[in-house]
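1. okay, predicted coordinates and the sequence, questions at the end:
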Amino acid sequence: MCVLDISPTFPRIRFMRRLMSLVILLVMSGSLGALPSDLLMPDLTGLSLDSTRAQLASLLDCPEPDSCPLIVLPDSFYTDSIPEGLVAWQEPLPDSVISDTVKVRLAASLTIELPDVRGMQFMEAMALIENLGLEFYPVRQIENEEYPVGTIAKTVPEPGSFVKRKDVIAIVTSLGVSSPPTPTKTSTGVEIHLYEHPEFKISSISVVSEDSTGFELAFKLQIRNPYKHPMTAEKFKFELQVNRARLLKDIYSDVSIQIPAKGVAYGKVRVPVSYADILPSIAEFLLSEAEYRLVGTFAIVVESGFSRRAFDVKRKFDLFASNPAIKKNLEVIVSPPETP
C-alpha cells in the first residue's frame, strides 16, 4: 500500500493563508507604513533646488530627482531671513498630507540697493524699477543741464540707497537746460516754448463694448495746453494700472487731439481688455471702486516739429457696479467654480 505523507503540506498552506490575512489586516490598519497618499510633507525651507529634489525623490521613490512632481513658481518670495535662491515658500505646507504636485517659491532679498536710473528714458526706467518689485511714481519735472529732456534726473531715495520691495520710488524727469531755451517760431511767427508741460486729467471712463472674451474701455482725457500756440497730442504709448497693479502694458493709441493755444480739448483713448489677461487680484479690484491709472508717453506736435513727453493720469471709478455681465465674469475670475 502506498502511503502519502501530507502532514508537512497542510500546515504550510494554513500558515500561508494566515500570513496573507495578517498582511492584509496590517496594510488596512496602516501598521506596515503609510501609503503614498498619506505621506506627510517635509519642511523644505532653506533648501537648495537640488536638495529639494533629492529629498522628494527619496520620499516619493522617484526614479530620478528631476522626475519628481516639483514646480518652481516664477514669482520670488521676498525675505531677508533666507539666503537668495533657496526655498522660502512651499505648498503643501510642512507636516500636511503631500499632494500630486509640490510647488515652491525661491527667496529673493527683501532689501535691495536702488539702481541708478538717471539718464534713462522714462519707460525704460519704469520697467527696470517695477521689475525689481518697487513702485514707480513720477512726481515732477525740473530744469537740468546734466540730463536730456524726458530722461530721469533724480530719484528719491537716491541711487545706492537700500530699499525694500514695494517701496515707492519718486521719479523726477528732466526739462533740459536750466535757462529757458530760445523759442523757435512757426511760419506764422508764433513763438514756441516746449519747456512747459501740458496738464492731463481723466474726465470719464466708459465701457464701449463687451462680449464673452472681454470688454473695451474708453478713457476720456482732458488736456490743457499751456503754450501760446496750438498743439496736437498724439502717438500715445502707455500702460493701464488698477490700484497701482499693472493690468496691461505697451498699449498704443492713434488718437489725435488738437488743442487750441492756452485752451482745453478732450479726446478718447480706447483700451481692449481680455478676461484672459486679468489676474484674480486685479479682478477683485475691478469689482469695487478702484484707481485707474494711465502712465506713458505721447508726442506734442506743432507746426515746426514734435517733442515726446511723459504723462501720468489717474482717477477713481466704480466702473462695473451697473454692468451685471462683466461683474459676473470678474467674480468667476476671483472665485473659479470647482471642477467636479
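-> That came through fine. Numbering: from 1, shown residues only.

2. just give the nearest non-adjacent residue to Asn329, would you?
-> Sequence neighbours aside, Tyr275 is the residue nearest to Asn329 in space, at 5.7 Å (criterion: C-beta to C-beta, 6 or more residues apart in numbering). For every residue, glycine as well, the C-beta is placed using N, CA and C.

3. the one you found reaches Glu331, doesn't it?
-> No - using C-beta atoms under 8 Å, Tyr275 is not in contact with Glu331; the gap is 11.5 Å.

4. more neighbours: which of the two?
-> Neighbour comparison, Tyr275 and Glu331: the larger count goes to Tyr275, with 16 against 13 (by other C-beta atoms under 10 Å).

5. three-state assignment of the one residue sitting closest to the centre of the chain?
-> By C-alpha atoms, centre = their mean, the chain has its centre lying nearest to Arg246, at 5.9 Å. Secondary structure, DSSP: H, G, I helix; E, B strand; the rest coil: Arg246 is strand.

6. quick one, what contacts it?
-> Residues near Arg246 by C-beta atoms under 8 Å, 6 or more residues apart in numbering: 130, 239-240.

7. which element is Gly267 on?
-> strand 264-274 (DSSP states H and E).

8. who touches that strand?
-> If you take C-beta under 8 Å, 6+ apart as the criterion, strand 264-274 is touched by 203, 208, 213-225, 233, 236, 238, 240, 247-248, 251, 253, 255-259, 294.

9. give me the buried subset of those residues.
-> 214-215, 217, 219, 221-223, 225, 233, 236, 238, 240, 247-248, 251, 253, 257, 259, 294 (16 or more other C-beta atoms under 10 Å).

10. can you tell me the distance between the two ends of stretch 97-114?
-> Its first and final residues considered, stretch 97-114 spans 41 Å by C-alpha to C-alpha, to the nearest Å.

11. returning to that earlier point: report the rounded mean pLDDT for the strand holding Gly267.
-> Per-region confidence: strand 264-274 scores 96 on mean pLDDT.

12. just the C-alphas of that strand, formatted as PDB.
-> Output of strand 264-274 as PDB, limited to C-alpha atoms (Å, rounded to 0.1, in the frame of the first residue of the first chain):
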ATOM      1  CA  VAL A 264      -8.500 122.800 -23.300                       C
ATOM      2  CA  ALA A 265      -9.600 119.800 -25.500                       C
ATOM      3  CA  TYR A 266     -10.900 116.300 -25.000                       C
ATOM      4  CA  GLY A 267     -10.100 113.000 -26.700                       C
ATOM      5  CA  LYS A 268     -10.700 109.300 -26.100                       C
ATOM      6  CA  VAL A 269      -8.100 106.500 -25.900                       C
ATOM      7  CA  ARG A 270      -9.600 103.000 -26.200                       C
ATOM      8  CA  VAL A 271      -8.200 100.000 -24.300                       C
ATOM      9  CA  PRO A 272      -9.400  96.500 -25.100                       C
ATOM     10  CA  VAL A 273      -9.200  94.200 -22.100                       C
ATOM     11  CA  SER A 274      -9.300  90.400 -22.400                       C
END
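
13. who does it pair up with?
-> With DSSP bridges as the test, strand 264-274 is paired with strand 214-224 (antiparallel).

14. so what strands line up beside the next helix or strand after the strand it pairs with?
-> The helix or strand immediately downstream of strand 214-224 is strand 231-242, counting by DSSP H and E. Here strand 231-242 is paired, per DSSP bridges, with strand 245-253 (antiparallel), strand 257-259 (antiparallel), strand 290-302 (antiparallel).

15. low-confidence regions, the chain specifically.
-> For the chain, the stretches flagged by pLDDT under 70 are 1-37, 178-195, 303-306, 339-340.

16. and the helices in it?
-> In the chain, the helices defined using DSSP state H lie at 9-29, 49-60, 122-131, 280-286, 324-334.

17. Tyr147 reaches Asp116, doesn't it?
-> No - counting by C-beta under 8 Å, Tyr147 does not reach Asp116; the two are 11.7 Å apart.

18. tell me which of the two has more neighbours.
-> In this view Tyr147 and Asp116 are compared by other C-beta under 10 Å, and Tyr147 has more residues nearby, 19 against 13.

19. which residues does the closest residue to that one other than its chain neighbours contact?
-> Leaving aside its chain neighbours, Tyr147 sits nearest to Ser174 (4.1 Å; criterion: C-beta to C-beta, 6+ apart). The contact partners of Ser174, by C-beta under 8 Å, 6+ apart, come to 141-144, 146-153.

20. what's next to stretch 123-139, contact-wise?
-> The contact list for stretch 123-139 (C-beta under 8 Å, 6+ apart) reads 76, 78, 108, 112, 114-115, 117, 120, 122, 152, 156, 163, 165-173, 237, 244, 246, 295-297, 310, 312.

21. which of those are buried?
-> Neighbour-count burial (16+ other C-beta under 10 Å) applied to those gives 76, 78, 108, 112, 114-115, 117, 120, 122, 152, 163, 165, 167, 169, 171-173, 295-297, 310, 312.

22. in contact with Pro115, which residues?
-> 128-129, 132, 159.

23. residues near the nearest residue to Phe219 once chain neighbours are set aside, how many?
-> Among residues not flanking Phe219 along the chain, Val269 sits closest, at 5.1 Å (C-beta to C-beta, 6+ apart). Neighbour count of Val269, defined by other C-beta under 10 Å: 21.
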